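> return a 3D structure for these sequence lines:
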Amino acid sequence: MKNLFVVVTGTSTGIGKAIAELFIDKGHEVVGIDRLPSSIQNPHYLHIQTTLNRDSISILPELSRPVDIIINNAGTQNEDDMDNNFWSAYSVTEKYLSHNIKSVLMISSASAITGAEFPIYCASKGAMSAYGKQIAQRIGIYGATCNNLCPGGVYTDMNKFITDDPDKLKQVKAETLLGEWATAKQIAEWAYFLTVTNTFATGQDFLVDGGEAIKANFIV
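Model (predicted):
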């Protein structure tokens, strides 16, 4: 496999950091974009520290070579979610998309499918997913794919208000069929599969929530 040039947003912590580290471990070059300083020290990693929003297209730098993969992971919950989730993905994708692209991935959310979260957060992730399908239509001509990865509960800093509370954590884990939440590494492995291994599925929402959305108590 050739050395891929990958842009990942939100790489200082959580899922984004796990994705960047996995691609580096696989021998690829990663450009990370985050409002926080870099937490990855590796010669195959370049960090751009900036806040992403609807105005970022004009300030994002040109890169040394065409981008093969774009993974839009940066996001917030109960901040400026539409800017930080949807508009950040829009800006980065429109800046670095070209006929050289192999794959684009939106790290959306199970909430984009179920609506089971805070209102603006759900709306921002739903916008990401719809935009991902529009990108899939645009880049299919290049043989490239774009999909939406929609995780349920994940152990990240953003979810510490739940994971640091034993009672809340027990309740939310019980809502899944597997009785557990995902790790950032597990979501990173999905991201790698959908952007590198996968070459045919495109324009799809991949719900990775441990079975939470389909859990039901069948009453007879």
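> let me see the contact set for Ile59.
When contacts are counted by C-beta atoms under 8 Å, 6 or more residues apart in numbering, Ile59 touches Thr50. Just so you know, the C-beta spots here come from the backbone N, C-alpha and C atoms, and that holds for glycine as well.
> what residues are up against Thr195?
Residues in contact with Thr195 (C-beta under 8 Å, 6+ apart) are 6, 69, 71, 102-105, 145.
> looking at the residues you listed, which is nearest Asp157?
Of all the contacts of Thr195, Asp157 sits closest to Ile71, with 18.5 Å by C-beta to C-beta.
> show the average pLDDT along the helix or strand encompassing the closest one.
According to DSSP states H and E, Ile71 maps onto strand 69-72. If you average the pLDDT over strand 69-72, you get 98.
> got the CA coordinates for that strand in PDB?
Output in PDB follows, covering the C-alpha atoms of strand 69-72 (Å, rounded to 0.1, in the frame of the first residue of the first chain):
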ATOM      1  CA  ILE A  69      -8.000  11.000   3.000                       C
ATOM      2  CA  ILE A  70      -9.900  13.600   5.000                       C
ATOM      3  CA  ILE A  71     -11.400  12.600   8.400                       C
ATOM      4  CA  ASN A  72     -13.600  15.200  10.000                       C
END
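> neighbours around the closest residue to Asn85 other than its chain neighbours, how many?
Excluding the flanking residues, the one nearest Asn85 by C-beta to C-beta, 6 or more residues apart in numbering is Ser124, at 3.8 Å. Residues lying near Ser124 (other C-beta atoms under 10 Å) number 28.
> look at Ser124 and tell me its secondary structure.
Following DSSP: H, G, I helix; E, B strand; the rest coil, the label given to Ser124 is helix.
> what is the rounded mean pLDDT of stretch 96-108?
pLDDT averaged over stretch 96-108 gives 97.
> again, but for stretch 140-148
Rounded mean pLDDT across stretch 140-148 is 98.
> can you list the neighbours in contact with that stretch?
Stretch 140-148 has contacts (C-beta under 8 Å, 6+ apart) with 99-106, 108, 112, 128-129, 132-133, 135-136, 139, 194-195, 198-206.
> got the end-to-end distance for that stretch?
End-to-end distance for stretch 140-148, by C-alpha to C-alpha, to the nearest Å: 15 Å.
> buried ones in it?
Residues 144-148 are the ones in stretch 140-148 that count as buried (16 or more other C-beta atoms under 10 Å).
> element containing Leu105?
Applying DSSP H and E as the criterion places Leu105 in strand 103-107.
> rewinding a little: now go through the buried residues of stretch 140-148 and say which are in strands.
Among the buried residues of stretch 140-148, DSSP state E puts 145-148 in strands.
> turn these into JSON lines, including distance to Lys168.
Below are those laid out as JSON lines (distance: C-beta to C-beta, whole Å):
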{"residue": "Thr145", "distance to Lys168": "37"}
{"residue": "Cys146", "distance to Lys168": "34"}
{"residue": "Asn147", "distance to Lys168": "31"}
{"residue": "Asn148", "distance to Lys168": "27"}
